[in-house]
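Trainee: Need a 3D model of the following:
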Amino acid sequence: MLTFDSIQLNMPFIQAPLAGYTDHPMRLLAKQHGCSLTFTGVMLDKIAVHPKAIKLKKFHPHDDEHPVGAQILGEEPDVMSQAAVQFLKIGYDLIDLNFACPAPKVLRRARGGHLMAKPEVIRETFLRTREKVDCPVFMKIRIGYDHSAESEEKFWQICENAATDGVDMLAIHGRTVSQKYRGKADWNVIAEVKKRFPSLTIFGSGDIYTAETAMSRLKESGVDGVMIARGAIGNPWIFSELQALWNGKDMPENPPLPEQGRVMLEHFRLICEAYPERKAYPYFRKFAVGYCKRHPQRKKTMLAIMAAKSKAAVNDIIHNAYGL
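Mentor: The predicted structure follows:
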C-alpha cells in the first residue's frame, strides 16, 4: 500500500488533475467509485495570495472528498510556495506543483511546461515549498520541453534533483511540452526514470483510457502508480474496474444502462449545485461525451444531450435514454 504521510492509497491508480474538468463533482464521483486520491484542476498561485479570491467557495475543498490535493501553477518560486501555504490552510491535504501544462497561454506567461527548460527554477520552487508546508509535495512534469539533446539533459537533471531533494511523488507525462497531446505517450522514458532512481516514487501518465491499459502500463514500466487523466472523463467506473483487477478479480461487466443514467444524473445534479443553469448544461456536455461511449446508441444519445437547452431537457434525455 502506498502512503504519503497520513494519506493511504488502496491501489496505485489515482485521478490526475485536469484543468476544466476535475472540479468537486468529478472528484467526488471518482472517490465514490474507488479512487482514493484526487486533485483540483490547475489553480494559479496568485489566487491563493489574493485575499479576496482565496475566500471564494469554488477554490475550497469539500468535506466529502478528502484526501484531495491542490495543484498549483505559477512562475515564481516565492509566490508558488506562499500559495502552497494558503491552500494548505483552507483544507487541502497535499500540494502538487505543475511544471507540465502545455497550453499556449500558460507557456506565454512562462508557467507550467515552460519551466521544463529551467531546472533550477523547478528545484528552487520545490525546496521553498518543502520548507513552508508540512504535507506531501508532489511534482508533475513531462519528458522534456522538446526532443532536443539539451531538453533531454535538462529533463534528467530535473529527475535527479527530485530524487536528491526528496520529492514525495514525481508524476511524469510521456510526451514533451511541445508535443502537447499529439502522438503517443512514451512510457519507455518513464520506465527508465524509475530504473535510474528506484527510491523515487514515480507515477506515469499518458494515453490511459481503460483499466486494462492502466494495469499493463504499471506492470511493464515498473513505476509505482498510474495517473488516469482523460480516461476518467465521464467514466468514473474506470476506478471500480481497477479496484477489481488490482484485487485479482475479473473485469466487471459494463454497468447496466439504468446505473449509467443514475451516475450521469448525479453528476449533472452536482454541477447544477455548483453553477447557474445557463452554465451548467453546456458545461456538462464535455462529460456527457465520455458517459455516452458506454451507451449502445452512443452517437444518438450524445447528440441529444448536446442539443439540450435547459436543465430539464438534459434530465429528460438521460431518463429516456437510460431507461429510468
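Trainee: Strands of the stretch 1-150 of the chain, start to end?
Mentor: 3-4, 7-8, 13-15, 38-39, 43-44, 68-73, 94-98, 137-142 (DSSP state E, counting those that start in this stretch).
Trainee: and the ones you listed as a markdown table, adding mean pLDDT, mean neighbour count and distance to residue 57?
Mentor: C-beta coordinates here come from the backbone N, C-alpha and C atoms, glycine included. Listed next are the strands of the stretch 1-150 of the chain as a markdown table, based on pLDDT from 0 to 100; neighbours: other C-beta atoms under 10 Å; distance: least, C-beta to C-beta, whole Å:
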| stretch | mean pLDDT | mean neighbour count | distance to residue 57 |
| --- | --- | --- | --- |
| strand 3-4 | 95 | 14 | 27 |
| strand 7-8 | 95 | 15 | 24 |
| strand 13-15 | 97 | 27 | 21 |
| strand 38-39 | 97 | 26 | 18 |
| strand 43-44 | 93 | 22 | 14 |
| strand 68-73 | 96 | 25 | 15 |
| strand 94-98 | 98 | 26 | 20 |
| strand 137-142 | 98 | 26 | 25 |
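Trainee: can you put those in a markdown table and add distance to residue 191?
Mentor: Formatted as a markdown table, those follow (distance: least, C-beta to C-beta, whole Å):
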| stretch | distance to residue 191 |
| --- | --- |
| strand 3-4 | 22 |
| strand 7-8 | 25 |
| strand 13-15 | 17 |
| strand 38-39 | 23 |
| strand 43-44 | 30 |
| strand 68-73 | 24 |
| strand 94-98 | 22 |
| strand 137-142 | 15 |
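Trainee: right, and those strands - which one's nearest residue 85?
Mentor: Ranking these by their distance to residue 85 (criterion: C-beta to C-beta) puts strand 94-98 first, at 9.2 Å.
Trainee: strands paired with the closest one, and their directions?
Mentor: Sheet pairing of strand 94-98 (DSSP bridges) gives strand 68-73 (parallel), strand 137-142 (parallel).
Trainee: what's the last one in contact with?
Mentor: Translated: strand 137-142. With contact meaning C-beta atoms under 8 Å, 6 or more residues apart in numbering, strand 137-142 is reached by 17, 69, 71, 84, 94-100, 102, 113, 116, 122, 126, 129-130, 155, 158-159, 162, 167-177, 205.
Trainee: got the strands paired with strand 94-98 as TSV, with distance to residue 37 columns?
Mentor: As requested, the strands paired with strand 94-98 are exported to TSV (distance: least, C-beta to C-beta, whole Å):
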stretch	distance to residue 37
strand 68-73	7
strand 137-142	10
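Trainee: Ok, which of those comes nearest residue 22?
Mentor: Taking C-beta to C-beta as the measure, the strands paired with strand 94-98 were each checked against residue 22, and strand 68-73 came out nearest at 8.6 Å.
Trainee: As a check, name the ranges of all helices in the stretch 151-300 of the chain.
Mentor: Per DSSP state H, counting those that start in this stretch, the stretch 151-300 of the chain carries helices over the ranges 187-196, 211-221, 237-246, 257-274, 277-292, 298-307.
Trainee: and the third one, how far from the chain's centre?
Mentor: Helix 237-246 has its C-alpha centroid displaced from the chain centroid by 17 Å (C-alpha atoms, centre = their mean, to the nearest Å).
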